[in-house]
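# Show me the folded form of this:
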Amino acid sequence: MLGTAEWTKVRDVALRPATMAAVDALCAMHRRCSQDSLYRRYLMSTNEIGPASMRRLLTDTTTTVVEAADGQLVGMGNVCLGGPDAEAALLVEDGWQRRGLGVCLACLSPAKRWLLAPGG
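Here you go, the predicted model:
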């Protein structure tokens, strides 16, 4: 459970399920991320995530997005549940990192028992 200090770090954002309507905004968010952030999310070097790839990602996973007060998407968490295993990935735009958004995404994730387990 997050304490008050953690929640105050992320006050002016909303976390909500992603829909296909978010494809263009998520592609734009990816363009604003550094190569290092993208590498940490995808575990490979990538130049751009296009609309077709983003639609496939949203189709194959349960995705939560972080929306800033101005409506811009600044983070996302994807979970792919498959039997007893789960695969999860988080991406927070560089300028929004270190505010607790990744923790919030992990805590709201359907795979949180795997994400927050010791050694997970």
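# beta partners of the spatially most central residue of the chain?
By Cα atoms, centre = their mean, the mean C-alpha position of the chain lies nearest to Met76, the distance being 2.0 Å. Listed beta-bridge partners, Met76: Val65, Leu91 (assigned using DSSP bridges).
# From Trp96, how far off is it?
Distance, Met76 to Trp96, using Cβ to Cβ, to the nearest Å: 11 Å. In short, each C-beta sits where N, CA and C put it, glycine included.
# Pull up the overlap in contacts between the two.
Residues touching both Met76 and Trp96 by Cβ atoms under 8 Å, 6 or more residues apart in numbering: Val66.
# sorry, back to before: now for the residue nearest to the centre of the chain: which residues touch it?
18, 26, 29, 63-66, 90-91, 105.
# run the last query once more with 10 Å
15, 18, 22, 25-26, 29-30, 41, 54, 57-58, 61, 63-66, 89-93, 101, 105 (Cβ atoms under 10 Å, 6 or more residues apart in numbering).
# repeat for Arg41
30, 33, 49, 76, 78, 89-92.
# So Val103 sits against Leu90, correct?
Yes - when contacts are counted by Cβ atoms under 10 Å, Val103 is listed as touching Leu90 (9.4 Å).
# Neighbour count: the two, which is higher?
Between Val103 and Leu90, counting by other Cβ atoms under 10 Å, Leu90 is the more crowded of the two (21 against 16).
# Look at that one and report its pLDDT.
With respect to pLDDT, Leu90 has a value of 92.
# same thing with Cys27?
96.
# Can you tell me, leaving aside adjacent residues, what's nearest to it?
Among residues not flanking Cys27 along the chain, Met54 sits closest, at 5.5 Å (Cβ to Cβ, 6 or more residues apart in numbering).
# ok, the one you found to Gly100 distance?
Counting by Cβ to Cβ, the gap from Met54 to Gly100 is 25 Å.
# These two: who's more crowded?
Taking other Cβ under 10 Å, Met54 and Gly100 do not tie; Met54 has more neighbours (22 against 19).
# was I right about the more buried one contacting Thr19?
No - Met54 lies out of contact with Thr19 (Cβ under 10 Å); the separation is 11.7 Å.
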